[in-house]
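>>> I'll drop the sequence and a predicted model, then ask my questions.
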Amino acid sequence: MNGLNPHEAAITACANEPIHIPGRIQPNGVLLAIQMDTARISQVSANCRFWLGASPDSIIGMRLDEVIPKETAYAIGRAAEDGTLRDINPIPVSIDDRLLEGVAHVSGGVIILEFEAVRPDEARNFTSFHNIVRRSLERLQRSQSLGEACDVTVEEVRRITAFDRVMVYRFDPEWNGEVIAEDCCEDMDPYLGLRYPASDIPKQARDLYTRNWLRLVSDVDYCPVPILPENDPVTGRPLDLSGSVLRSVSPVHIEYLKNMGVGASMSISIIHEGKLWGLIACHHETARPISYEIRSACEFLGQALSIQLTAKEDLEANRYAERLRAIRADLETGLDEADDISAYLTECGTELMALLNARGVAICMGDHPVLIGECPSEGEVGSILDWVLNQHKPEIVATECLTKAMPEAGIDPAIASGVAAITLGQAQRQAILWFRPEVVRTVNWAGNPEKPAEMEGARMVLHPRKSFELWKEAVHGRSAGWKASELAVAQEFRASLLAAIVGRTAKNLRVTVDELNESYAQLDSFAYIVSHDLKEPLRGIRQYVDLITEEYGDAVGADGLDLLGSVHRLSGRMDNLISALLRYSRVGRADVAEEQVDLNEVLVDVRDALSSRIRETGATILVPERLPAVKCDRVLAGEIFQNLISNGLKYNDKPDPSVQVGCWEAGSEEAVRAMEGASQTDRVYYVKDNGIGIAPRHFDQVFGMFRRLHGRDQYGGGTGAGLAIVKRIVERSGGQIRLDSVVGEGTAFYFTLGWD
């Protein structure tokens, strides 16, 4: 079986046994399967003659009202249709002077109706039910703790049912079970404190316990009764008996009960937040039939205990969590005022360990970790930190078995079997690690937990344990487990630490930011002064070149004239670069003149400025809808549109170039899609062209000063400053700009204006 050895294959086969479709029932009742759409019986248990006075062949195909009283059959049909079938249980009927009690539910379009015998002296009314459970509920409500509630429950269930032994059996995270409460006959060996391996109750059995509150095997020596026909004639599949009262149980489970010396058993589920928390397990040395009424009372107690357990477990957890939060609050008191957070945490090392009930803590916020209490060596802490940072979600990591997580590290389990960590900065390798030592535990198992597998013919078959005597196992390499409340308070402390670190960083950066702003202002002034002052000598150079060319052209000759022409062109190019630098610096220096501006008028001015280029290229400027009137700087807004439209015309190789200008209202679907991160109050403007496009790898580069993607003389030349100026204007307004482009198809620029 997929490379498994025979023993593993036997265990897997047991775990995969389809116990919900056994095709058989227990003989203490009869089962009918009725198709909802026809109300006809499609399957019956083979013992129907004993219970209903008719053979299977004669009943199959009949309408339900031909087998039981019409009123009862009609009531069942109506309840099945409106989903209230379980509300009418139990269903009393009398057949051949025999009083039967039915339980019905729907499974895959089939009504499953099961009848059991009722003794004439059994009362079936609310008063008797209330009397049965009233005392139990009162005792349960008075219980002060989780343990006391479980003790009360086993005593009351045993009183009601008269089983020889009643236990509360709790699952751990690996689905091993432990008996945490017990009430039994004085001459019986106690099971209290014994543990049972997860394989005793495999997953498919736990799933059924989660779906059904109660399960009864009234006689382990029963002979299963087959369902006829074996498969549903409509679907061709076995009848799903997941919700059946009489469902026959696995032969392995029967063998298990017999090995324990159990003649009858009943299990009541304990459910916490939709998950199987444990079981109320009832055992009797001989057969023990239990009436529907008593079963209902026990089921009710199981539900009541589930509620009580939830409340009491949550109360205990909340009390512990409050203690941890108080420690966290004390730690956070001085956090905001601390100049050095790592030093502050070191001073509070005792409280830091108490926060997670640890024996040691490592503060990793510098070149070397600070070790407090019982910790691994500095090198081992570094290895543990590497492991933490490599986890899927390293923000908070916890293990109670570090030797399993890092078997090659060789870390002493007596110091660090358990580790919990919060990370504060992965790149900086900042974190806090808590350590717990190994807790060597002696686990008392009910017999050797390894299920024996034996060869039967050519295959290995798994059998349950034959001995349930005390079997001790020493568990090494594990610390006490990290509780959910401990990890929650660690998460909360992490958030506070990060806030403090950010606050401290911001405080330290304020001076730097102020200095940077001053430097930027000085750079702007420097760029303005230098570029302004360079314009005059540059103008003189060009004038002298013109003068020499005119007056002394013959004297310098053809080669000289070529050289003078080069000087003239280079000085012209430099003049353009200096002009662009001046424009760029003015954006940062000039006062912004905000006024109400009609952007349509701005576009008219831009068209006029670019009219010769538009005529020359035969381009079309499209404005699908009128642009709004907004509060902005008219000149700077015009520079944005002129630069973007000019680029759309310049970098265009289409025979019919076009540029489209428009605006989407704030919060519109188009605006949100075009400018991720735009607020609900930001209009989004766009300028789209059908030009040559820009490759994605150049998207960020195009906004750089003097950054060109093409040769100096391609597409009409230019300084490469236009988009840098646009970006600076947009960002100075408080807006943002981005682009989308497809090479060969065109480019779209999207931007917002903070003035607007």
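Right, received. Where do you want to start?

>>> by mean pLDDT, flag the weakest helix or strand of the chain.
strand 459-462 (a mean of 43; mean pLDDT, DSSP states H and E).

>>> now for the closest residue in space to residue 89 that isn't next to it in sequence: which residues touch it?
Distances taken as C-beta to C-beta, 6 or more residues apart in numbering put residue 103 closest to residue 89, at 4.9 Å, once the chain neighbours are dropped. From N, CA and C alone the C-beta is placed, and that goes for glycine too. With contacts defined as C-beta atoms under 8 Å, 6 or more residues apart in numbering, residue 103 is in contact with 89-91, 113-114, 116, 245, 292.

>>> of all those residues, which comes closest to residue 627?
Closest approach to residue 627 among the contacts of residue 103 (C-beta to C-beta): residue 89, at 71.7 Å.

>>> residue 85 touches residue 107, doesn't it?
No. Using C-beta atoms under 8 Å, residue 85 is not in contact with residue 107; the gap is 10.7 Å.

>>> compare the two (neighbour count), which wins?
Using other C-beta atoms under 10 Å, the more surrounded residue of residue 85 and residue 107 is residue 85, with 22 against 16.

>>> can you check the pLDDT for the more buried one?
We have a pLDDT of 88 for residue 85.

>>> how about residue 708?
61.

>>> before we move on, what about residue 578?
If you check residue 578, the pLDDT there is 56.

>>> now the one 10 residues further on
Per-residue confidence at residue 588 stands at 51 (pLDDT).

>>> circling back to that earlier point, now do the SS call for the residue nearest to residue 89.
Recorded secondary structure, residue 103: strand (DSSP: H, G, I helix; E, B strand; the rest coil).

>>> now it, which residues is it bridged with?
Going by DSSP bridges, residue 103 is paired in beta bridges with residue 114.

>>> what are the ranges of the strands in the stretch 601-750 of the chain?
Counting by DSSP state E, counting those that start in this stretch, the segments of the stretch 601-750 of the chain that form strands are 620-622, 629-633, 658-664, 684-689, 737-742, 746-751.

>>> is residue 595 in contact with residue 630, as I believe?
No. Contact criterion C-beta under 8 Å: residue 595 and residue 630 do not qualify, at 9.9 Å.

>>> near residue 253, how many other residues are there?
By other C-beta under 10 Å, the residues close to residue 253 number 19.

>>> what does residue 249 give?
22.

>>> just residue 397 next, same as before
Residue 397: 22 neighbours (other C-beta under 10 Å).

>>> where along the stretch 1-150 of the chain do the helices fall?
6-15, 48-52, 56-59, 70-82, 126-142, 146-161 (DSSP state H, counting those that start in this stretch).

>>> export those to CSV and tack on distance to residue 549?
Putting these into CSV (distance: least, C-beta to C-beta, whole Å) gives the following:
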stretch, distance to residue 549
helix 6-15, 96
helix 48-52, 121
helix 56-59, 120
helix 70-82, 104
helix 126-142, 110
helix 146-161, 103
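
>>> which one of those lies closest to residue 227?
Closest among the helices of the stretch 1-150 of the chain, once you apply C-beta to C-beta, is helix 56-59, at 9.4 Å.

>>> now do that closest one, average pLDDT.
Across helix 56-59, pLDDT averages out at 94.

>>> mind checking how far residue 306 is from residue 180?
Separation of residue 306 from residue 180 (C-beta to C-beta, to the nearest Å) stands at 15 Å.

>>> what of residue 216?
22 Å.

>>> these two: who's more crowded?
Neighbour totals were compared for residue 216 and residue 180, and residue 216 leads with 21 against 17 (other C-beta under 10 Å).

>>> quick one: what helix or strand has that one in it?
According to DSSP states H and E, residue 216 maps onto strand 214-217.

>>> tell me where the model's unsure across the stretch 51-200 of the chain.
Within the stretch 51-200 of the chain, the stretches with pLDDT under 70 are 119-130.

>>> need the next SSE after the strand or helix carrying residue 414, C-terminal direction.
In the assignment (DSSP H and E), residue 414 maps to helix 413-416. Using DSSP H and E, the next helix or strand after helix 413-416 towards the C-terminus is strand 418-425.

>>> who's in contact with the helix holding residue 414?
If you take C-beta under 8 Å, 6+ apart as the criterion, helix 413-416 is touched by 359-360, 374-376, 380, 384, 402-403, 435-438, 476-477.

>>> buried ones from these, can you make that a ChimeraX selection?
To isolate the buried members of the contacts of helix 413-416 in ChimeraX, using 16 or more other C-beta atoms under 10 Å:
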select :359,360,374,375,376,380,384,402,403,435,436,437,438,477
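
>>> quick one, domains of the chain?
339-438, 483-590, 594-751 (automatic domain parsing).

>>> quick one: the last one to chain centroid distance?
Domain 594-751 has its C-alpha centroid displaced from the chain centroid by 42 Å (C-alpha atoms, centre = their mean, to the nearest Å).

>>> save the helices of the stretch 1-150 of the chain as TSV, and put in mean neighbour count and distance to residue 559 too.
Output for these, formatted as TSV (neighbours: other C-beta atoms under 10 Å; distance: least, C-beta to C-beta, whole Å):
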stretch	mean neighbour count	distance to residue 559
helix 6-15	16	93
helix 48-52	19	121
helix 56-59	16	119
helix 70-82	15	106
helix 126-142	14	112
helix 146-161	21	103
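
>>> the ones you listed: which one's closest to residue 553?
Using C-beta to C-beta as the measure, helix 6-15 is the one of the helices of the stretch 1-150 of the chain that comes nearest residue 553, at 100.2 Å.

>>> give me the mean pLDDT for the closest one.
Per-residue scores along helix 6-15 average to 45.

>>> just to revisit the earlier point, out of the helices of the stretch 1-150 of the chain, which is closest to residue 563?
Taking C-beta to C-beta, helix 6-15 is the member of these nearest to residue 563, at 90.1 Å.

>>> where does pLDDT dip in the stretch 601-750 of the chain?
Residues of the stretch 601-750 of the chain that meet the criterion pLDDT under 70 lie in 677-680, 705-720.

>>> and the contacts of stretch 62-73?
Here stretch 62-73 makes contact (C-beta under 8 Å, 6+ apart) with 32, 34, 38-41, 52, 54, 59, 74, 76-77, 91, 93-95, 111, 113.

>>> which of these are buried?
Buried members of the contacts of stretch 62-73, scored by 16+ other C-beta under 10 Å, are 32, 34, 39, 41, 52, 59, 76-77, 91, 93, 95, 111, 113.

>>> just curious, which of the residues you listed is nearest to residue 390?
Taking C-beta to C-beta as the measure, residue 111 is the one of the buried ones among the contacts of stretch 62-73 closest to residue 390, at 55.2 Å.

>>> pull the CA atoms of the strand holding residue 216 into CSV?
Extracted in CSV, the C-alpha atoms of strand 214-217 (Å, rounded to 0.1, in the frame of the first residue of the first chain):
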residue,chain,number,x,y,z
LEU,A,214,-24.7,9.8,21.8
ARG,A,215,-23.7,6.3,20.7
LEU,A,216,-24.9,3.1,22.4
VAL,A,217,-23.8,-0.6,22.1
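
>>> which secondary structure elements does it contact?
If you count contacts as 3 or more C-beta pairs under 8 Å, 6 or more residues apart in numbering; DSSP states H and E, strand 214-217 packs onto strand 264-272, helix 292-333.

>>> just checking: what are the partner strands of the next helix or strand after that strand?
Sequence order places strand 225-228 as the next helix or strand after strand 214-217, per DSSP H and E. Partners of strand 225-228 in the sheet, by DSSP bridges, are strand 24-25 (antiparallel), strand 41-45 (antiparallel).

>>> return the set of buried residues in the helix holding residue 414.
So, applying 16+ other C-beta under 10 Å, buried residues of helix 413-416: 413, 415-416.

>>> same deal with stretch 688-695?
688-694.

>>> in stretch 265-283, what's buried?
Buried residues in stretch 265-283, defined by neighbour count with 16+ other C-beta under 10 Å: 265-271, 276-283.

>>> now stretch 286-305
So, applying 16+ other C-beta under 10 Å, buried residues of stretch 286-305: 288, 290-302, 304-305.
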